[in-house]
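J.: Sequence plus predicted model, see below.
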Amino acid sequence: MAKIEYFYAGYSAFAYLGHAEFVRITKAAGREIDHRPFDLRKVLTKTGAPVFAERTTAHKEYFFGTEIRRWAEYREIPVLRHTPTHHGNDITLSNCMLIAGLAQGMNIDALAHEMLRAHWVDDYDLDNRDDLMKIGRNIGVDAAPLLAAATSDRVQKIYAKNTEEAINRSVFGSPTYFVDGDMFYGQDHLELIAHRLGV
């Protein structure tokens, strides 16, 4: 079964907004998701994007306020009315927890969705092991072995490889999808992916 490559970070608002619809599209098209969690902050630095703190207030209010609320309403999903409290914390552990699931042979579609949802709806701290354990319990997954593996050399190497590949393939944000090698950036392009796949 052909796969669609999915480059994203486990704390990304726009990955959250599109995740359920992306899963629906891939299933309707008879495709699988090739999850590629990556270090979004490193990629943004490498691609020359302005540091979040240096963006204008108007820019932040529009893209990370108005746009998030509009898309949540359109997708009919809940979302916080503010940036998650711990959004600035380290994203390595959460991303590597997802990779550990892949390394252990899990289908992480549901785990990724719950991680994104918990951060953007329930204000979970994705750098907090207790919150990550709760994310696992919310969907009936024991997160302990995933967290144990998240700091392993194997998982860390995959994370670094995903990040370098994102840079080399000109990924400049989360989420980014590759359909048969063609890049679609942003969950607002999911309708174009559906059109491309005929679903």
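T.: Arrived safely. Numbers count the residues shown, from 1 in each chain.
J.: what about the nearest residue to Ala28 once chain neighbours are set aside, neighbour count?
T.: Using CB to CB, 6 or more residues apart in numbering and skipping residues adjacent in sequence, the residue nearest Ala28 is Val199, 4.0 Å away. C-beta here means a position set from N, CA and C on the backbone, and glycine is covered the same way. Val199 has 14 neighbours, counted by other CB atoms under 10 Å.
J.: Equivalent analysis for Asp142, please.
T.: Neighbour count of Asp142, defined by other CB under 10 Å: 10.
J.: what sits against it?
T.: Applying CB atoms under 8 Å, 6 or more residues apart in numbering to Asp142 gives the contacts Gly136.
J.: Tell me how far it lies from Lys60.
T.: 38 Å (CB to CB, to the nearest Å).
J.: and stretch 8-17, how far out from the chain's middle?
T.: Relative to the chain's own centre, stretch 8-17 is displaced by 4 Å; criterion: CA atoms, centre = their mean, to the nearest Å.
J.: Need the contact partners of it.
T.: 35-40, 64, 68, 71-72, 75, 77, 79, 84, 87, 91, 94-95, 97-98, 112-113, 115-117, 119-120, 126, 173-176, 186-188.
J.: Quick one: end-to-end distance for it.
T.: Start-to-end span of stretch 8-17 (CA to CA, to the nearest Å) is 12 Å.
J.: buried sites along stretch 160-167?
T.: 162-163, 166-167 (16 or more other CB atoms under 10 Å).
J.: that older thread, wait, the residue nearest to Ala28 sits on Arg31?
T.: No - counting by CB atoms under 8 Å, Val199 does not reach Arg31; the two are 9.4 Å apart.
J.: Please pull out the lowest mean pLDDT helix or strand from this protein.
T.: One helix or strand of the chain scores below all others by mean pLDDT, DSSP states H and E: helix 57-61, with a mean of 87.
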